[in-house]
Structures are given as C-alpha cells and as structure tokens.
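Colleague: Sequence and computational prediction follow.
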Amino acid sequence: MIAVVRRVPVGRVTTYGTVARLAGKPRAARAVGNIMAEARFPGLPYHRVIAANGLLGGYGGNIGLKRALLIAEGLTVGRTRVRNFANIQWPDRTSQPRRQKGTKKK
C-alpha cells in the first residue's frame, strides 16, 4: 500500500479504493484509510489520497492542511471536495481496461 501511495504524482489524486486495488486487495479501501490515518512515513504523499466521490476525507483531523497541500500542487479544491476530480485522478481511468462482471483476472 505504501509503495502505491508513493507513486501518486504531484498534481494528481487517487482514491482509497484505487490504492487498495493496486496493492492487490480490491475490497480493502476502508483498511487503506485506517492504515493511512495511523501511518507516519515521512515524505509520503498521503494528501493525494481522497475518497471516491472527490471528497477530501480525513487527514489526521487537519483537513485544512490537506486542502492547502493539494492547492500548492496546483489542484482546484473547494471546502471539502477536489474539483475536476475525473481529470486529475491517477492512474487515468480511461487508460485502464475494465473487466466485465463475472470475469476473472488472468
């Protein structure tokens, strides 16, 4: 999970669910949030991980700091939500093939 968060580029955001999926645990979005709430790895861009609906989510109780860090990276952020979420989401959703329901990974 930490390795996935480390890869989120400046000026982009990802979701707790995407981090879980890329870490090989697609149903562990809530666990990712809990781990990030407790994690203390210096230099890790925790602020770039947000909720699936574009909401900022928590940031150790300091949502203002999370908002300020994202704004400093050039994102447009409202009081509680990242604007233009679909266009700044990492990795690009359009570049990822989507599986049909009921099919298994190869």
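Modeller: Ah, there it is.
Colleague: C-alpha only now, for contacts and for neighbours.
Modeller: OK.
Colleague: how about the strands in this protein?
Modeller: Along the chain, the segments classed as strands by DSSP state E run 14-15, 49-50.
Colleague: Spell out which strands sit alongside the first one in the sheet and which way each one runs.
Modeller: It stands for strand 14-15. Applying DSSP bridges, strand 14-15 is found paired with strand 49-50 (parallel).
Colleague: rounded to a whole number, what's the mean pLDDT of the strand it pairs with?
Modeller: For strand 49-50, the mean pLDDT works out to 95.
Colleague: can you check stretch 58-65 too?
Modeller: For stretch 58-65, mean pLDDT rounds to 84.
Colleague: ok, and what's touching that stretch?
Modeller: With CA atoms under 8 Å, 6 or more residues apart in numbering as the test, stretch 58-65 has contacts from A37, Y46, H47, L56, G57, K66.
Colleague: Would you indicate which residues of the helix or strand bottoming out on mean pLDDT in the chain are buried?
Modeller: Lowest by mean pLDDT, DSSP states H and E among the helices and strands of the chain is helix 29-38, with a mean of 90. Across helix 29-38, burial judged by 16 or more other CA atoms under 10 Å covers A29, V32, G33, M36.
Colleague: Which strands or helices does it pack on?
Modeller: Contact here means 3 or more CA pairs under 8 Å, 6 or more residues apart in numbering; DSSP states H and E; on that basis helix 29-38 packs against helix 16-22.
Colleague: in the helix it packs on, what counts as buried?
Modeller: Buried, per 16+ other CA under 10 Å, within helix 16-22: Y16, G17, T18, V19, A20, R21.
Colleague: need the helices for the protein, in chain order.
Modeller: Assigned by DSSP state H, the helices in the chain fall at 2-6, 16-22, 29-38, 63-72, 85-88.
Colleague: State the distance from E73 to G24.
Modeller: Using CA to CA, to the nearest Å, we find E73 at a distance of 28 Å from G24.
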